[in-house]
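# Need coordinates for the following:
(one chain, ligands or ions: 1)
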Amino acid sequence: MNLYAIIGHPVAHSLSPLMHNTAFELLGLQCRYEAIDSEPEDLRETVATLREKGYSGFNITLPHKEAIRSHLDEVDKDAQIIGAVNTVVRRDNKLVGINTDTRGFLRSLEPFRTRITGSRVLLLGAGGAARAVLCALLQHHQPARVVILNRSLERAEQLALDFGNLQPLVPLSAESLFDDNLQGTVAQAEVVINTTPVGMIPYTHSSPLEETKFSKNQLCMDLIYVPLETKLLKRAQEAGATTVGGLDMFMHQGAESFRLWTGQDLPEEPVRETILQKLKEQ
Ligand code: NAP
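Here you go, the predicted structure:
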C-alpha cells in the first residue's frame, strides 16, 4: 500500500483526499490518501513522521507552502523560483518539493489568456498560492502591471521585491488591504485574482473586498473552490464581470501531483463529477 497525504491547517475542507482516493479506486491502485492537520509549530515533526512511515508523497496547503521547504531534501528549480511547494515526491528516498499550482493556474486561465495580456492585474494575497500565481503571470502572460494587495503590507512588498527581476518589463507594486483608496485600486484593475482564504468555508459570508464594487469589463478569479461560488465571485457576477472559480485550478494541480506520484493520468471527468456531487451536498 502506497501512502499519500495533505498537510495543512485548517485542512478539513480539503477535497484532495476525495480526489485522489477516487482516482486510486477507479484505477485499481493500492494507495491511500489522508488529510493531516498540522499547526505551524508541528510541521517539522509531521514531516519527520511521514518520512519515517515511508509515505510516497504528500501535498502541502495553507499555511505551510513556504515553510515546508526547509524540511525537505531538495526543492526543484521552479519551486525554488516560486518560493513555495505544494507537492512532495519521494525519489531515491529523498523528499523533493515541487509546485504544481502554477500549472494548475495556467491551465484554468487558458480560455482567458487574451484578457490578461496587457491588463492591469490586482492580486489579493501574498502567501504560497500568490507566489505561484504571480510567477505564472510573469513567466507565461504579459500583464501591463501587477498590484499586490495584502493584509500585511510588508509581505506584499517582499513579494514584489522577490519577483521584481523575473519580468522587468512588468511593474510590480504593493498595497495594503486597509488602504483608504481601495475602491480606486480595484476600479483600475481589469483582472482581479483572490489568493487569500477569505470567503472559504466556514467563512462563506466574508469577502476580501467587502465594500468595493466591480464593473462588467472585469475578470475576477477566486482560487477558493469550497464553496464553488464565493461571495467575492457573486458580487463580481452581479456587476456583470466574468468570473472564474477555483475548481478547475484545483483539478489541474491535483492531476499533475497524481502524475508525478503514480506516472498515470488522473481520470479527470469521473473524479470531477464526484467532487461536484460532494460540493452540492455541502
Ligand atoms: P497562505 O500561504 O497561508 O497565504 C494566505 C494569504 O491570505 C496571505 O497573504 C494572508 O495575508 C492572506 N489572509 C489570510 N487570512 C486573511 C484574512 N482574514 N484577511 C485578509 N487576508 C488574509 O495560504 P495559501 O497556501 O496561499 O492559500 C490561500 C488560499 O488559496 C486558500 O484558500 C487555498 O485553499 C487556495 N488555493 C487554491 C488552490 C486551487 O487549486 N484552487 C491552490 C492553492 C491555493 P497575510 O500575509 O497578511 O497573513
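
# Please enumerate the strands of this structure.
Here the chain has its strands, by DSSP state E, at 2-8, 31-37, 57-60, 74-75, 87-91, 94-98, 120-124, 145-150, 172-176, 191-194, 219-222, 242-244.

# Including distance to the ligand, mean neighbour count and mean pLDDT, could those go into CSV?
Where you see a C-beta, it was placed from the backbone N, CA and C, and this is true even at glycine. Compiled in CSV, the strands of the chain are given as follows (distance: least, C-beta to the nearest ligand atom, whole Å; neighbours: other C-beta atoms under 10 Å; pLDDT from 0 to 100):
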stretch, distance to the ligand, mean neighbour count, mean pLDDT
strand 2-8, 8, 21, 98
strand 31-37, 13, 17, 98
strand 57-60, 8, 26, 98
strand 74-75, 16, 19, 98
strand 87-91, 11, 21, 97
strand 94-98, 14, 19, 98
strand 120-124, 8, 24, 98
strand 145-150, 5, 24, 98
strand 172-176, 9, 18, 97
strand 191-194, 8, 26, 98
strand 219-222, 8, 26, 98
strand 242-244, 10, 19, 98
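
# Make TSV from these and add distance to residue 200 to it.
Output for the strands of the chain, formatted as TSV (distance: least, C-beta to C-beta, whole Å):
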stretch	distance to residue 200
strand 2-8	12
strand 31-37	15
strand 57-60	16
strand 74-75	27
strand 87-91	20
strand 94-98	24
strand 120-124	13
strand 145-150	17
strand 172-176	21
strand 191-194	10
strand 219-222	9
strand 242-244	16
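
# Tell me which of these lies nearest to residue 265.
Of all those, strand 31-37 sits nearest to residue 265, with 14.8 Å by C-beta to C-beta.

# ok, the closest one: who's next to it in the sheet?
Strand 31-37 has the following sheet partners, assigned by DSSP bridges: strand 2-8 (parallel).

# what does this protein put close to the ligand?
Contact residues (C-beta under 6 Å from any ligand atom) of the chain with the ligand: 61-63, 65, 101, 104, 125-130, 150-152, 155, 177, 195-198, 200, 208, 223-225, 246, 249-250, 253.

# Are any of these buried, and if so which?
Among the residues of the chain next to the ligand, the ones that count as buried by 16 or more other C-beta atoms under 10 Å are 61-63, 65, 101, 104, 125-130, 150-151, 155, 177, 195-198, 200, 208, 223-225, 246, 249-250, 253.
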